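Participant: sharing a sequence plus its predicted fold:
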Amino acid sequence: MKDTRDGPTRAAVILPHDRFQRGGTAHGEAGANRAAEAKLAEAVGLTASIGLTIVYSAIFPLRAMRSSSLLGEGQVEMVREECARHGVTVVVVDAALSPVQQRNLERAWGAKVIDRTGLILEIFGERARTKEGALQVELAHLDYQRTRLVRSWTHLERQRGGFGFLGGPGESQIELDRRLIGDRMVRLKKELEQVRRTRGLHRSARARVPYPVVALVGYTNAGKSTLFNALTGAGVFAQDQLFATLDPTMRAIKLPSGRTVILSDTVGFISDLPTQLVEAFRATLEEVAAADIILHVRDAAHPDTAAQRADVLGVLGDMAQGDDAPMDEGWPRRVIEVLNKADLMGGVESVPEIPGAIAVSALTGDGLDALREALDARMVAGMETADYRIAPADGASLAWLYEHGEVLAREDAEDMIRVSVRLTSADRARFEQRGH
């Protein structure tokens, strides 16, 4: 997002702050209020991630939310003066703006105004690297634009005839734009539905293999991709940048027991995620719903780590609501918390202990062995022990048991091999369906 004539685009970041508004979500914990300074720092990070140069940022307390501009008259004038002084051409307002508010602020400041939803859509558009990601972002963007189009031009409705038979000036073009956007959204939804079916087939294929799936989730910039790389040796793009990766990546890894699991890196969560994106990215989040274990990666060094935790758990909880919810109600039992970035706190020993949580540094590798052992232990906790008699010539069944289970004992005789093996209930059912 560069201006080739005048250098980098100069931007201002404004946080309208209502001190009575809670951070997090309805699923959050008490005391997880998000500090205004942390919210502003996050907004600055989001803005910088799309190549804008931030030359001014400020927090403006809201005494009352004005329907015309959100901010008060004095605050609007103050921002106008700073924009003129710093040569600002883009102002990011870290709040949801109505089309009228956005238009009025643009006129007052003489600059392009982007609200939080528009900013996140811009970031997602730059970061999506697969066809699926691009479809999801385009759908969310059209949904956002359609709402803007309708609300921005409601003043034209007053120019219609008394019975609505005649449109005022510009009405025909607006209706045409609405129809074109609607048609495109219908096509995108069909394509995304095909993506969901394809993803379902992939999950069915893995179930036939099968290997347990471990999904990484967490607030954006918590270090999920760095942890994914550290555990798998993969070269997934990882950078100290908000929303560095959007599309899920999967790799097989071996645990200390020799057991194979599939590790899945997914999109990062964020507070006040636009509704359009939550719905559009449902197909991506279904990888989490299908996971055997969910690794919730947290930035333990972040001052707002408790509120970030509440945001992530809130989105996961919402996925378990409704008749067609992709997530089952028992999902919390599958979660292991990973307290990442211990290197910024002096090492894993310096991270405050949380029952059941594992402290690690994905950057240095400290604590990763403990995490692998925790994954092994969680897998074992859901296993059953079974005894089988296998013909010596049936090497395929014996190899299957070694590959998917943990052989505890083996006794070889001339006519039969007796094995005692620990398997997940799903693997036991699959093996016994083979005729054993």
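Facilitator: Yep, that arrived.

Participant: going by C-alpha atoms from here, please, whenever you check contacts or count neighbours.
Facilitator: Fine.

Participant: show me where the stretch 251-400 of the chain has strands.
Facilitator: Ranges of strands in the stretch 251-400 of the chain, per DSSP state E, counting those that start in this stretch, are 260-265, 293-299, 335-340, 358-359, 383-390.

Participant: redo those as a markdown table? Include distance to residue 82 and mean neighbour count.
Facilitator: Formatted as a markdown table, these follow (distance: least, Cα to Cα, whole Å; neighbours: other Cα atoms under 10 Å):
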| stretch | distance to residue 82 | mean neighbour count |
| --- | --- | --- |
| strand 260-265 | 41 | 22 |
| strand 293-299 | 34 | 25 |
| strand 335-340 | 38 | 24 |
| strand 358-359 | 44 | 24 |
| strand 383-390 | 63 | 16 |
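
Participant: lowest-confidence stretch among those?
Facilitator: Sorting these by mean pLDDT places strand 260-265 lowest, at a mean of 85.

Participant: what are the contacting residues of that strand?
Facilitator: Residues outside strand 260-265 that contact it (Cα atoms under 8 Å, 6 or more residues apart in numbering): 211-217, 224-225, 228, 232, 247-255, 287, 403-404.

Participant: quick check on those residues: which are buried?
Facilitator: Among these, those classed as buried by 16 or more other Cα atoms under 10 Å are 211-217, 224-225, 228, 232, 247-253, 255, 287, 404.

Participant: and the helices in the chain?
Facilitator: According to DSSP state H, the chain carries its helices in the segments 36-48, 73-86, 99-109, 116-127, 131-152, 171-208, 224-232, 275-280, 282-289, 305-318, 368-381, 395-404, 425-432.

Participant: what's the angle from the second one to helix 99-109?
Facilitator: Direction vectors for helix 73-86 and helix 99-109, defined by axes from the mean of the first three to the mean of the last three Cα atoms, to 10 degrees, enclose an angle of 50 degrees.

Participant: how far off centre is helix 73-86?
Facilitator: Centre-to-centre, helix 73-86 and its host chain are 34 Å apart (Cα atoms, centre = their mean, to the nearest Å).

Participant: which residues touch that helix?
Facilitator: Residues from elsewhere that reach helix 73-86 (Cα under 8 Å, 6+ apart): 10, 12, 55-56, 60, 69, 88-89, 105, 108-110.

Participant: okay if I get the residues you listed as a markdown table plus distance to residue 431, pLDDT and neighbour count?
Facilitator: Formatted as a markdown table, these follow (distance: Cα to Cα, whole Å; pLDDT from 0 to 100; neighbours: other Cα atoms under 10 Å):
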| residue | distance to residue 431 | pLDDT | neighbour count |
| --- | --- | --- | --- |
| 10 | 62 | 93 | 21 |
| 12 | 61 | 96 | 26 |
| 55 | 63 | 96 | 15 |
| 56 | 63 | 96 | 18 |
| 60 | 63 | 93 | 17 |
| 69 | 65 | 91 | 20 |
| 88 | 65 | 95 | 22 |
| 89 | 64 | 93 | 17 |
| 105 | 65 | 94 | 24 |
| 108 | 70 | 95 | 13 |
| 109 | 68 | 95 | 22 |
| 110 | 69 | 93 | 16 |
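
Participant: so can I have JSON lines of the residues you listed showing distance to residue 119?
Facilitator: Formatted as JSON lines, those follow (distance: Cα to Cα, whole Å):
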{"residue": "10", "distance to residue 119": "15"}
{"residue": "12", "distance to residue 119": "13"}
{"residue": "55", "distance to residue 119": "17"}
{"residue": "56", "distance to residue 119": "17"}
{"residue": "60", "distance to residue 119": "19"}
{"residue": "69", "distance to residue 119": "18"}
{"residue": "88", "distance to residue 119": "16"}
{"residue": "89", "distance to residue 119": "15"}
{"residue": "105", "distance to residue 119": "16"}
{"residue": "108", "distance to residue 119": "20"}
{"residue": "109", "distance to residue 119": "18"}
{"residue": "110", "distance to residue 119": "19"}
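
Participant: among the residues you listed, which ones are in strands?
Facilitator: 10, 12, 55-56, 60 (DSSP state E).

Participant: tell me which of these is nearest to residue 117?
Facilitator: Taking Cα to Cα as the measure, residue 12 is the one of the ones in strands among the contacts of helix 73-86 closest to residue 117, at 16.2 Å.

Participant: ok, the closest one to residue 73 distance?
Facilitator: Residue 12 sits 18 Å away from residue 73, going by Cα to Cα, to the nearest Å.

Participant: could you do residue 269 as well?
Facilitator: Distance of residue 269 to residue 73, computed by Cα to Cα: 34 Å.

Participant: the more surrounded of the two?
Facilitator: With neighbours defined as other Cα atoms under 10 Å, residue 269 and residue 73 compare such that residue 269 has more, 23 against 10.

Participant: name the nearest residue to that one, ignoring sequence neighbours.
Facilitator: Spatially, and ignoring its direct neighbours in sequence, residue 269 is nearest to residue 219 (4.5 Å; Cα to Cα, 6 or more residues apart in numbering).

Participant: isn't that neighbour up against residue 310?
Facilitator: No: Residue 219 is beyond contact range of residue 310, at 9.7 Å (criterion: Cα atoms under 8 Å).

Participant: comparing those two, which residue is more hemmed in?
Facilitator: Taking other Cα under 10 Å, residue 219 and residue 310 do not tie; residue 219 has more neighbours (26 against 23).
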